[in-house]
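Undergrad: Okay, sequence plus prediction incoming.
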Amino acid sequence: MMMVYRTLGGILVVMLVFICHTTRSEGDVSAYMPAEQSSNDSSTTVASKAVDECMFTNIQMGCCAVTNTTGQNTAWWRVDLGRLITINWISIFYGDGTGDSIAGYEIYVSNSTDSPRDGVRCHEDRSSTLTDLQTVESPNCPYVAQYVTIYNYRNDPKRQSWYSDYAALALCEVEVKGCPIGSHGYGNCESRCSSDCYGGNCHSTTGYCFYCFPGKYGERCQYTCPTDCANGCNITSGYCTECSAGIYGVTCQNNCPINCKDGICNINSGYCTECISGKFGDDCQQNCSVNCLNGLCYRENGTCHDCVVGKYGINCDNYCRSGCDRETGLYIGISFHNQICIRMFDIIFGICILQSYLPLRVGIGCDVMCLRA
């Protein structure tokens, strides 16, 4: 605002003149860059209007790029950023009263222009009502790309009943915030990314590295991962993703239990993934039963994989003749002195369970005749 003094017929008149400066946020790499669109609604609504730093959203002010508003099932607008840019976010200022037309739009970032949907879709408008659609949309699009495309389409039936019948775009300004590869700094991009950033690239505003070289971590990859990390470490925390054999812990600072097979244990808990022969338990400190075949039992509970001859049961601590079932101790169809012997672990002497096959014998040596029920 400024005050203008004029004299009219000897009367001093003070006039207040409001000067409105329409400015845009710093760091916009799309300003005045080459732009194109699928169609022009008129000769004054061409694609370049959306990158001319004029922020008026009243279409009648002549600051907006507008595609044909009727008869189109698809519409698109694209800007060429001129080189690869580390994009942070994209702001869209659309024309007043055109929310039903732009609703459902998508943003693509790409390094080619073979089709409007080239590259990666970094945003899709999913507003369920017209009031949900923001006056200024600023979706985050953290990609490296040269082209930014805004795309819209209409299906039959429409995705939302309140959508316009035809696809159209009325873009009064599009801002792409970011920096050329290798640089950062809000508003000026004058700072260089750390040389420790993998690929030499970083976040355009903070300067934080996206990736580190193997063995490095930290916002600017300035720290070295712990020595015993087998495959590098987390870029943020520095915690190891894997440890060398025989080591565990977030920084691989602890030794695995000595009875872990091949020295391997869980990186977080230190529990063995497998035990050496004859051991079981989380840390493989407990002994398997001596009746386990080959000394092998399950790490979780000590149950034998199989039993030595003459033993049965989950811990192989029950006696039976050679050839019995490993879990039940049951014999079926074993010939013994021309008789059929059935021996169950819970029936050594008792009433026969299969009377139709008499005579039957029970007992450890099949030497006791079954009694009739």
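TA: Nice, thanks for sending it over. Numbering: from 1, shown residues only.
Undergrad: Now do the helices in the stretch 51-200 of the chain.
TA: Using DSSP state H, counting those that start in this stretch, the helices of the stretch 51-200 of the chain run over 99-102.
Undergrad: Low-confidence ranges, the stretch 251-373 of the chain, go.
TA: Within the stretch 251-373 of the chain, the ranges that satisfy pLDDT under 70 run 321-323, 326, 329-373.
Undergrad: ok, 80 please
TA: Counting by pLDDT under 80, the ranges of the stretch 251-373 of the chain that qualify are 320-373.
Undergrad: since we're on Asn140, how many residues are nearby?
TA: 12 (other C-beta atoms under 10 Å). For the C-beta atoms, the positions are set from N, CA and C on the backbone; glycine is no exception.
Undergrad: Enumerate the beta-bridge partners assigned to the closest residue to it other than its chain neighbours.
TA: The shortest distance from Asn140 to any residue other than its chain neighbours is 4.8 Å, reached at Trp89 (C-beta to C-beta, 6 or more residues apart in numbering). Here Trp89 shows beta-bridge partners Asn140, Lys177, assigned using DSSP bridges.
Undergrad: got the contact list for Trp89?
TA: 138-142, 177 (C-beta atoms under 8 Å, 6 or more residues apart in numbering).
Undergrad: which one among those gets closest to Asp100?
TA: Pro139 (19.3 Å; C-beta to C-beta).
Undergrad: and the closest residue to that closest one other than its chain neighbours, what is it in contact with?
TA: Excluding the flanking residues, the one nearest Pro139 by C-beta to C-beta, 6+ apart is His123, at 3.7 Å. Residues counted as contacts of His123 (C-beta under 8 Å, 6+ apart) are 90, 106-107, 137, 139-141.
Undergrad: returning to what we had before: distance to Ala168 and pLDDT for the contacts of Trp89 - can I get that in TSV?
TA: Below are those laid out as TSV (distance: C-beta to C-beta, whole Å; pLDDT from 0 to 100):
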residue	distance to Ala168	pLDDT
Ser138	21	75
Pro139	20	74
Asn140	25	80
Cys141	22	85
Pro142	28	85
Lys177	26	91
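Undergrad: from the residues you listed, which is closest to Asn234?
TA: Of all the contacts of Trp89, Asn234 sits closest to Pro142, with 18.7 Å by C-beta to C-beta.
Undergrad: Determine the number of other residues adjacent to that closest one.
TA: 14.
Undergrad: Then the one 3 residues further on?
TA: Residue crowding around Ala145 was assessed by other C-beta under 10 Å; the count is 23.
Undergrad: Cys141 versus the closest residue to it other than its chain neighbours, what's the distance?
TA: Excluding the flanking residues, the one nearest Ala145 by C-beta to C-beta, 6+ apart is Val109, at 3.7 Å. In this view, Val109 and Cys141 are 6 Å apart by C-beta to C-beta, to the nearest Å.
Undergrad: out of those two, which sits in the more crowded spot?
TA: The neighbour comparison of Val109 against Cys141 (other C-beta under 10 Å) goes to Val109, with 24 against 21.
Undergrad: That one contacts Pro139, doesn't it?
TA: No - using C-beta atoms under 8 Å, Val109 is not in contact with Pro139; the gap is 11.0 Å.
Undergrad: between those two, what contacts are shared?
TA: Shared contacts of Val109 and Pro139, defined by C-beta under 8 Å, 6+ apart, are found at Cys122.
Undergrad: Mind jotting down where the strands sit in the stretch 251-373 of the chain?
TA: Assigned strands in the stretch 251-373 of the chain, in chain order: 254-255, 279-280, 286-287, 311-312, 318-319, 331-336, 339-343, 360-362, 368-369 (criterion: DSSP state E, counting those that start in this stretch).
Undergrad: which residues of the stretch 101-250 of the chain score low on pLDDT?
TA: 134-139, 186-187.
Undergrad: Break the protein down into its domains, please.
TA: 35-180, 288-326, 330-373 (automatic domain parsing).
Undergrad: who wins for proximity to Thr241 among those domains?
TA: In terms of C-beta to C-beta, the element of the domains of the chain nearest to Thr241 is domain 35-180, at 22.5 Å.
Undergrad: so Asp262 makes contact with Ser244?
TA: No - counting by C-beta under 8 Å, Asp262 stays clear of Ser244, with 12.0 Å between them.
Undergrad: From Cys284, how far out is the closest residue in space to Asp283 that isn't next to it in sequence?
TA: Excluding its sequence neighbours, the residue lying closest to Asp283 (C-beta to C-beta, 6+ apart) is Pro257, at 4.1 Å. From Pro257 across to Cys284, the span is 6 Å (C-beta to C-beta).
Undergrad: Kindly report the same for Ile102.
TA: Distance from Ile102 to Cys284, by C-beta to C-beta: 64 Å.
Undergrad: if we can go back for a sec, closest to Gly200 out of the domains of the chain?
TA: Among the domains of the chain, the nearest to Gly200 by C-beta to C-beta is domain 35-180 (10.6 Å).
Undergrad: How about the contacts made by Lys49?
TA: Counted by C-beta under 8 Å, 6+ apart, Lys49 has contacts 62-65, 171-172.
Undergrad: picking up where we left off before, any common contacting residues for Pro257 and Cys284?
TA: Common neighbours of Pro257 and Cys284, using C-beta under 8 Å, 6+ apart, are Cys272.
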